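K.L.:
got a sequence here, can you build the structure:
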Amino acid sequence: RICVITLAEAHPLLQSGKTIKSINYQISANCSRLQNKVSGKSKRVRLFDWLGAQFLTELAPLCRISSSDGEEYTIYSCIRGRLIEVNENILSNPAILQEKPSTEGYIAVVLPKFEESKSVTQGLLTQKEYEEVLLKRLNSSS
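P.N.:
The predicted structure follows:
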């Protein structure tokens, strides 16, 4: 039921051989994802009360990634829920974002609302469907 936010295989940072210069979790003057402080209190085996977690909408920015060629990419949550954790390891070692994007190079962990988690998972694409979408994008841009 948790969502691990990573860069998609088709993201320009993973495709073009760019070098990541910096990652910034400071979204605005008043909002830093690094200030997200979560403490969980177990009420039942599968029910948690996440205190202090920032609530995110689908369009909430998680971080900004700058590449050595001057491009900046804003990474969005893409899902409604509570921000459980940001990966601070990528701040000191941004290369793991490219080297291991689906494991150690994750960006954040989000816990969707329980009531919404089923509809979220039902709307996900299979790997084959995702590859078909990418192929259509590639064909339409060329």
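K.L.:
would you map the strands across the chain?
P.N.:
All strands of the chain, identified by DSSP state E, fall at 3-5, 20-24, 26-28, 31-32, 39-44, 47-51, 55-56, 61-67, 72-76, 81-86, 108-111.
K.L.:
residues touching the nearest residue to residue 81 once chain neighbours are set aside, list them.
P.N.:
Using CB to CB, 6 or more residues apart in numbering and skipping the chain neighbours, the partner closest in space to residue 81 is residue 112 (3.8 Å). (Glycine included, C-beta is placed from N, CA and C.) Shown in contact with residue 112 (CB atoms under 8 Å, 6 or more residues apart in numbering): 1, 3, 79, 80, 81, 120.
K.L.:
now the fourth one: how far from residue 116?
P.N.:
Residue 80 is 6 Å from residue 116, where distance means CB to CB, to the nearest Å.
K.L.:
count the neighbours of the residue nearest to residue 91 when sequence neighbours are not counted for me.
P.N.:
Take residue 91 and drop its neighbours on the chain: the residue closest to it by CB to CB, 6+ apart is residue 23, 5.7 Å away. By the criterion of other CB atoms under 10 Å, residue 23 has 21 neighbours.
K.L.:
beta partners of residue 23?
P.N.:
For residue 23, the beta-bridge partners under DSSP bridges are residue 65.
K.L.:
report pLDDT for it.
P.N.:
On pLDDT, residue 23 comes in at 94.
K.L.:
same deal with residue 125?
P.N.:
82.
K.L.:
now residue 45
P.N.:
The model's pLDDT for residue 45 equals 36.
K.L.:
for residue 120, same thing?
P.N.:
So residue 120 comes in at 74 (pLDDT).
K.L.:
for it, the count of nearby residues, please.
P.N.:
So residue 120, with other CB under 10 Å, has 17 neighbours.
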